[in-house]
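A.B. asks: next input, structure requested:
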Amino acid sequence: MIRLAVDVMGGDHGARVTLPACLAFLRRHEQAQLLLVGRPTAMAEVPAWASLASHPRCQLVEAQEVVDMDDPIEVALRRKKNSSMRLALQQVKDGAADVALSAGNTGALMAIARYVLKTLDGIDRPAIATQLPNAAGSATTVLDLGANVDCSPEHLLQFAVMGSALVSAISGHESPSVGLLNIGEEVIKGSEIIKKTSELLRSAAKNGDLNFYGNVEGNDIFKGTTDIVVCDGFVGNVALKASEGLAKMIGDFIKDEFSRNIFTKISAIVALPVLNSFKNRVDHRRYNGAALLGLRGLVFKSHGSADAVAFEAALTRAYDAAVHGLLDKVRQRIAHAAPLLASAAAAPQALSGQVG
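C.D. replies: Reported below is the predicted structural model:
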């Protein structure tokens, strides 16, 4: 039985979205148990709660506070110690849950997760990783997606190792390919940070820690050139929002085609199977659920504006990660790459000492 701790109150819509999604998820996953963390009074106002309250695989964990989407990190971390977000993470810390999921404030979730669960040995900064649909019919895992705006080459190396563990755990592919996001494929292109990162990734490939493909460009994410694309959080977040915007534009286009004149409607009806297939393939809701990698526990983040379909997808992604032993995979990858990670981390310190 896989136990998921769910921050019911997080996100733009709270229990109105999370509870129906939890009910649908339980109906499809007989080996899942949910710890629903939230305010009982707010949950009781949602019709789905009547079925969940009596469900044999559901348990209520009462919380008195909620981390709002606009709460400063300091408030969420220091003042709201009884929030649904924090208590959901505490279930993982205490061993009551295998994985925690929240659609709440990303900055707060990362800060509280780092405080409650701590980072794994060899990892300086956790990273946010998720999948974006590609033309190959699968998905490209991209990290970081916003947790770390300014990254050193050493951080990007850590992201590559953790991303490889994520894809390996979920897909079963033991040697997923890694691409480094750059402004061109040539080795001479990019900033000094990117060039240094490329050197580290090539060294990792020689040591058998990674399957490094080389530099990739933005369009390679959606072409499916590599299984994984590594970048800093600023660039990754822009790519994520751009893909979501594209998916929405496609959906709106299909709707608009049915609101035009009779000839356009007829054409749209004929093309409907193809249009719907493409729409579903790029629907960002199907790929909702980002892993916070590098922590001593499994944590997943849902998009704050997720509807019930998207939140259920995030629940499924978190469940699959626990089933496939993602945390152990990350630990094993980091342990194997430990000598390289340690030497990479020591190099800047040594250089700093010489300058000083």
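A.B. asks: show me where the stretch 51-200 of the chain has helices.
C.D. replies: 73-74, 84-93, 106-117, 153-171, 192-206 (DSSP state H, counting those that start in this stretch).
A.B. asks: elements contacting the third one?
C.D. replies: Same thing as helix 106-117. The contact analysis (3 or more CB pairs under 8 Å, 6 or more residues apart in numbering; DSSP states H and E) places helix 106-117 against helix 73-74, helix 84-93, strand 290-293, strand 298-301. C-beta coordinates here come from the backbone N, C-alpha and C atoms, glycine included.
A.B. asks: same question for the first one.
C.D. replies: Helix 73-74 is packed against helix 106-117, with contacts defined by 3+ CB pairs under 8 Å, 6+ apart.
A.B. asks: follow-up on the earlier one: CSV for the helices and strands packed on helix 106-117, including mean pLDDT, mean neighbour count and distance to Ile112?
C.D. replies: Converted to CSV, those look like this (pLDDT from 0 to 100; neighbours: other CB atoms under 10 Å; distance: least, CB to CB, whole Å):
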stretch, mean pLDDT, mean neighbour count, distance to Ile112
helix 73-74, 94, 12, 9
helix 84-93, 98, 25, 5
strand 290-293, 96, 28, 11
strand 298-301, 97, 28, 9
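A.B. asks: same list (these) but as JSON lines, adding distance to Leu341.
C.D. replies: Output for the helices and strands packed on helix 106-117, formatted as JSON lines (distance: least, CB to CB, whole Å):
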{"stretch": "helix 73-74", "distance to Leu341": "27"}
{"stretch": "helix 84-93", "distance to Leu341": "24"}
{"stretch": "strand 290-293", "distance to Leu341": "14"}
{"stretch": "strand 298-301", "distance to Leu341": "21"}
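A.B. asks: flag every buried residue along stretch 28-47.
C.D. replies: Neighbour-count burial for stretch 28-47, counted by 16 or more other CB atoms under 10 Å, picks out His29, Ala32, Gln33, Leu34, Leu35, Leu36, Val37, Gly38, Arg39, Ala42, Met43, Val46.
A.B. asks: in what helix or strand does the fourth one lie?
C.D. replies: Right, the one you point to is Leu34. strand 32-38 (DSSP states H and E).
A.B. asks: what is the mean pLDDT for that strand?
C.D. replies: If you average the pLDDT over strand 32-38, you get 98.
A.B. asks: C-terminal to it, what's the next element?
C.D. replies: Using DSSP H and E, the first helix or strand after strand 32-38 is helix 40-44.
A.B. asks: so how far is that following helix from its chain's centroid?
C.D. replies: 28 Å (CA atoms, centre = their mean, to the nearest Å).
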